[in-house]
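In: turn this into a model:
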Amino acid sequence: MAIHFQLRDGLVELTFQGKIIAADFQQVLEKLQELEARMEVTPDRITDMSEGDLSALDSRVVTGIAAKRQQAKLKNNVKSAILAPGLEQFGLARMFQTCNQNPAIAIRIFKDSASAYHWLGRPDRVVPEKAA
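Out: Next up, the predicted model:
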């Protein structure tokens, strides 16, 4: 799957890698809905689009995803940070932010992970350095 999904320290982390298609989002939405249904507290989340190729997505896909999230019945208010450093990534993230009118979801878009994790009240994820 081109979108890696993990729950780490009570935070949902979604990481885009490679070419992203609409079916990838459907799989993630199903996992997210299952997680939200079984947990007592709906977790905050961060979506890292940095390594994702979003060229196969259009406004119909983004508005469809936003419509599904708008209908989500969450147990509490959540923060959703979107890491979108590129222009295409930012444009799609902004479209999603505008279309998603779920009052329980606060969405912010960031260019760097440190700012996103700070807004979520979390330490930045440490990525191991590559060996020289």
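In: what about Pro103, distance to Leu35?
Out: Distance of Pro103 to Leu35, given as CB to CB, to the nearest Å: 20 Å. Just so you know, the C-beta spots here come from the backbone N, C-alpha and C atoms, and that holds for glycine as well.
In: and for Leu7?
Out: Counting by CB to CB, the gap from Leu7 to Leu35 is 7 Å.
In: overlap in contacts of those two?
Out: Pro43 (CB atoms under 8 Å, 6 or more residues apart in numbering).
In: give me the buried positions along the helix or strand that contains Thr47.
Out: Taking DSSP states H and E as the criterion, Thr47 maps to strand 45-53. Under the neighbour-count criterion of 16 or more other CB atoms under 10 Å, strand 45-53 has 45-49, 52-53 buried.
In: let's have those in TSV, adding distance to Ser115 and pLDDT.
Out: TSV is the format used below for those (distance: CB to CB, whole Å; pLDDT from 0 to 100):
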residue	distance to Ser115	pLDDT
Arg45	16	96
Ile46	11	96
Thr47	14	96
Asp48	13	96
Met49	14	95
Gly52	19	93
Asp53	23	92
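In: of these, closest to Gln17?
Out: Gly52 (6.5 Å; CB to CB).
In: show me what contacts the closest residue to the closest one other than its chain neighbours?
Out: Spatial nearest neighbour of Gly52, chain neighbours left out: Phe16 (2.8 Å); criterion: CB to CB, 6 or more residues apart in numbering. Neighbouring residues of Phe16 by CB under 8 Å, 6+ apart: 2-3, 47-52, 54.
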